[in-house]
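Engineer: build me a model:
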Amino acid sequence: MSDVENLIDAPENEEFLIHSRSSIASILRNLMRENRTISAYLPSSDDMVATSVLHVDADKNMVIVERARETKLNHLFEDGHNILFDLKHNNVILQFVAKRTQPARFNGQSAVFLELPKVLLRLQRREYFRVAADTGNQNITCTLKETDGSELKLEVEDLSLGGIGTTLELGESPTIKQFKTFRNCLLQIPGFGTLQIDLQVRNCFEKTLSSGKRVVRLGLSYVDLPADKEAMLQKYINKVQLEQLRQQEDA
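Structural biologist: Predicted coordinates:
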């Protein structure tokens, strides 16, 4: 299996594993709706099969996927063991393993059956897209600390594993400028905790809100973010994106 690395068993990725059956089913159904091509790696032959999700039934513990598009590999794919499924979509890596696959029929056509995975890896790297800062009734806030001891508490609008986005009133902090670094800032995420981090201003520009109000938009990047704090942010991002998937299903 030289073309892909199994990231599920790596200890450093433990924080990014999803065990919830409903969450795993939601992710797979979303792949089905978007007809995403998934790579399935056959350990017995070092070959790769292109497939897609055709049906997901969490109650019956069942996933049906398309047969191998390379006909000569179907006998290996339809009766296989420990097949690694891998997909990179929207800068997110998804992986899961089928302990066993079996031939199946779906809508009158030959297909492949596997049990709903017990665990799925959803890994999003530092440079990837942002999610809205949404914890319900409580806002995510970030307190910037000046060297003179003064503080500026801001509401966070969006965040990623690379940084946060926020706005402030014009003239609220004349010392803020591009590439300025703030030490020991406090990023407070209700329900998750408070992170003490260093932030650097990467962009800073004026913008007009729909109300006509003029504000300053700030983009701040983390400086040397420790792995444990990155893992906590990843948990929050996973939560938001899984909730978005469920909302799409209910729409």
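
Engineer: is the nearest residue to residue 225 once chain neighbours are set aside in a bridge, and if so with what?
Structural biologist: Nearest residue to residue 225, sequence neighbours excluded (CB to CB, 6 or more residues apart in numbering): residue 197, at 6.4 Å. Where you see a C-beta, it was placed from the backbone N, CA and C, and this is true even at glycine. Residue 197 has these beta-bridge partners by DSSP bridges: residue 185.

Engineer: just checking, residue 197 touches residue 228?
Structural biologist: No: between residue 197 and residue 228 there is no contact under CB atoms under 8 Å: 11.5 Å.

Engineer: those two: who's more crowded?
Structural biologist: More crowded of residue 197 and residue 228, by other CB atoms under 10 Å: residue 197, with 22 against 9.

Engineer: any idea how far that one lies from residue 142?
Structural biologist: Applying CB to CB, to the nearest Å, the value for residue 197 to residue 142 is 9 Å.

Engineer: just residue 154 next, same as before
Structural biologist: Going from residue 154 to residue 142 by CB to CB gives 5 Å.

Engineer: need the overlap of contacts for those two.
Structural biologist: Shared contacts of residue 154 and residue 142 (CB atoms under 8 Å, 6 or more residues apart in numbering): residue 166.

Engineer: contacting residues for residue 169?
Structural biologist: Residue 169 touches 215-216, counting by CB under 8 Å, 6+ apart.

Engineer: can you name the residues bridging to it?
Structural biologist: Beta bridges link residue 169 to residue 215 when assigned by DSSP bridges.

Engineer: backbone phi and psi for residue 16, please?
Structural biologist: Here is the backbone geometry of residue 16 (degrees, to the nearest 10): phi -100, psi 10.

Engineer: now it: how far from residue 143?
Structural biologist: For residue 16 relative to residue 143 (CB to CB), the value is 28 Å.

Engineer: and these two? which has more neighbours close in?
Structural biologist: Counting neighbours by other CB under 10 Å for residue 16 and for residue 143 shows that residue 16 has the greater number, 21 against 16.

Engineer: quick one, what contacts that one?
Structural biologist: 121-124, 231, 234, 238.

Engineer: go on, residue 233?
Structural biologist: So residue 233 contacts 159, 161, 195, 225 (CB under 8 Å, 6+ apart).

Engineer: of those residues, closest to residue 78?
Structural biologist: residue 161 (38.2 Å; CB to CB).

Engineer: how close does the closest one sit to residue 81?
Structural biologist: As judged by CB to CB, residue 161 and residue 81 stand 34 Å apart.

Engineer: state the three-state secondary structure for residue 246.
Structural biologist: At residue 246, secondary structure determined by DSSP: H, G, I helix; E, B strand; the rest coil is helix.

Engineer: local confidence estimate at it?
Structural biologist: On pLDDT, residue 246 comes in at 78.

Engineer: quickly find the element holding the residue nearest to it when sequence neighbours are not counted.
Structural biologist: Closest residue to residue 246 apart from its sequence neighbours, by CB to CB, 6+ apart: residue 26 at 5.6 Å. Residue 26 is located in helix 21-33, with elements delineated by DSSP states H and E.

Engineer: next, the buried residues of that helix.
Structural biologist: Buried residues in helix 21-33, defined by neighbour count with 16 or more other CB atoms under 10 Å: 23-32.

Engineer: re earlier: buried only: go through the contacts of residue 16 for me.
Structural biologist: Buried by 16+ other CB under 10 Å: 121-124, 234, 238, out of the contacts of residue 16.

Engineer: gap between the two ends of stretch 105-113?
Structural biologist: With CA to CA, to the nearest Å applied, stretch 105-113 spans 8 Å between its terminal residues.
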